[in-house]
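J.: Would you be able to build a 3D model of this:
(one chain, ligands or ions: 2)
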Amino acid sequence: MKIRAAEHMGAAVAVSGFPAPGAPEIAFLGRSNVGKSSLLNRLVQRKALARISSTPGKTRLLHWYRVTREDGELWLVDLPGYGYAKVAREERRKWQGVVESYLGARETLRLAVLLQDLRRDVSDDETLLLEWLDARGVPALVAFTKCDKLKPMRRAARVRELRGQLCLPAARVVPTSAEKGLGIAELWEAIAAHL
Ligand SMILES: Nc1nc2c(ncn2[C@@H]2O[C@H](COP(=O)(O)OP(=O)(O)O)[C@@H](O)[C@H]2O)c(=O)[nH]1
Ligand SMILES: [Mg+2]
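T.: Ligands and ions are numbered 1, 2, ... in the order given. The predicted structure is shown next:
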């Protein structure tokens, strides 16, 4: 499906700054440095719409991107990354506050895409987030990132391993590589199924 247009709409640190609900939204979340900006850019076929961070975890901003495809408009929402070791507890609490008030109350939210580096083990952060989303009835799937970093055999084994750690069926995980474009069509298909 062709992307006709993609633009940054705005950013917010708190609910008061969120844009008024409009088009259906897909939220992206994950640990800092997991490859969120890279995957967003690849999804919308733009080199640098979402910034590739050199200093991960420095911001608590949510970013909205308006994407126009042949079949209509949707908004992609880039949630602030978590798990940056140097972040103080107070900062962590604020992150949780704004992210939960988005995920828990956004009426136009259709799907949350949680990113997980294929080379890392799943942590409590991912498990708790998925449980939290599930408890609130927010559909979620997991995109494994940076799959190009593993050879195909190892990659397949690792996908099975992580699916086990996450307790998710095959239909709810999508192996991707922003670098090589792997899994992008599958991710769009999964997104489209929720619009
Ligand atoms: N090899 C490889 N590197 C990636 C991929 N996606 C992201 N990266 C690298 O991982 C680092 C963090 O990426 P970024 O998109 O800024 O992550 P974010 O903090 O989650 O937004 C950067 O150095 C990227 O170039 C991928 O699919 N393959
Ligand atoms: Mg980023």
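
J.: Gly10: which element?
T.: Using DSSP states H and E, Gly10 maps to strand 3-12.

J.: That strand: which residues count as buried?
T.: For strand 3-12, a neighbour-count test (16 or more other Cβ atoms under 10 Å) marks Ala6, Ala12 as buried. Just so you know, the C-beta spots here come from the backbone N, C-alpha and C atoms, and that holds for glycine as well.

J.: That strand: partners in the sheet, and parallel or antiparallel?
T.: strand 62-69 (antiparallel) (DSSP bridges).

J.: just to revisit the earlier point, pLDDT (mean, whole number) over the strand holding Gly10?
T.: Strand 3-12 carries an average pLDDT of 93.

J.: which residues sit against the helix or strand that it is followed by?
T.: Moving toward the C-terminus from strand 3-12, the first helix or strand encountered (DSSP H and E) is strand 25-30. Outside strand 25-30, the residues that touch it by Cβ atoms under 8 Å, 6 or more residues apart in numbering are 36, 39-40, 64, 74-79, 81-82, 99, 102-103, 106, 108-116, 129, 145, 191, 194.

J.: Give me the distance between the residue most central in space within the chain and Arg154.
T.: Against the mean C-alpha coordinate of the chain, by Cα atoms, centre = their mean, the closest residue is Phe28 at 2.1 Å. Relative to Arg154, Phe28 is positioned 26 Å away (Cβ to Cβ, to the nearest Å).

J.: need the contact list for Ser101.
T.: Val15.

J.: Kindly report the same for the one 10 residues further on.
T.: Remark: with contacts taken as Cβ under 8 Å, 6+ apart, Leu111 is in contact with Ile26, Ala27, Val138, Pro139, Ala140, Leu141, Ala190, Ile191, His194.

J.: how about a cut-off of 10 Å?
T.: 24-28, 74, 133, 138-141, 190-195 (Cβ atoms under 10 Å, 6 or more residues apart in numbering).
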